[in-house]
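Colleague: Got a predicted structure plus its sequence, pasted below:
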Amino acid sequence: MPPDQLLKPMSKQNRRWLRCGLVVGGGLLLCAGLTLLKVGAQSNGPQIDKPYLLPEANRLPDANAQMKMRDNQAKQQNFDAANAERKKQLSDDSAKLLTLAMALKAEVDKTNKDMLSLNVIRKADEIEKLAHNVKEKMKVTVGGS
């Protein structure tokens, strides 16, 4: 190619063909490389048949291991039952807390701005105690495994 054509800008069509050629060539090189890697990996000597499981894995667990498994299953069941009970108590307490808060709001709306009744203060104390209990129950985790 003459030197004056090297400096001449390429047409859009030629650039498109050049890009296509580069993409196709790169793809062919990648496929060839992967094929060579695959063939090289397969020809690394004879394949030795290995068992999928070691002989120890085919044995039955001894009595101590079985007892330990049963204990772990029982602990997990106890944990799940205690957790379900805790969630139920939290749900009940939260519903009660919502009811008390709505009752307190209604009571406060009835009173004037300068005076609160003793009943309002008692309800606020009850709500505070129940909210504290709910918070503590949420923190507790029953002996997880």
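Modeller: Received, thanks.

Colleague: C-alpha from now on. contacts and neighbour counts both.
Modeller: OK.

Colleague: ok, Thr111 - contacts?
Modeller: Residues near Thr111 by C-alpha atoms under 8 Å, 6 or more residues apart in numbering: Ser117.

Colleague: what's the least confident helix or strand in the chain, going by average pLDDT?
Modeller: The least trusted helix or strand in the chain, going by mean pLDDT, DSSP states H and E, turns out to be helix 3-7, with a mean of 56.

Colleague: And the helices in this protein?
Modeller: Counting by DSSP state H, the chain has helices at residues 3-7, 12-42, 55-58, 63-110, 118-139.

Colleague: ranking these by mean pLDDT, which is last?
Modeller: With a mean of 56, helix 3-7 has the lowest mean pLDDT of those.

Colleague: hmm, back to that, adding mean neighbour count, write the helices of the chain out as TSV.
Modeller: Below are the helices of the chain laid out as TSV (neighbours: other C-alpha atoms under 10 Å):
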stretch	mean neighbour count
helix 3-7	8
helix 12-42	11
helix 55-58	8
helix 63-110	14
helix 118-139	14
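
Colleague: Lys135 and Asp93: what is the separation?
Modeller: 10 Å (C-alpha to C-alpha, to the nearest Å).

Colleague: What of Asp125?
Modeller: Distance of Asp125 to Asp93, computed by C-alpha to C-alpha: 15 Å.

Colleague: All set, thanks.
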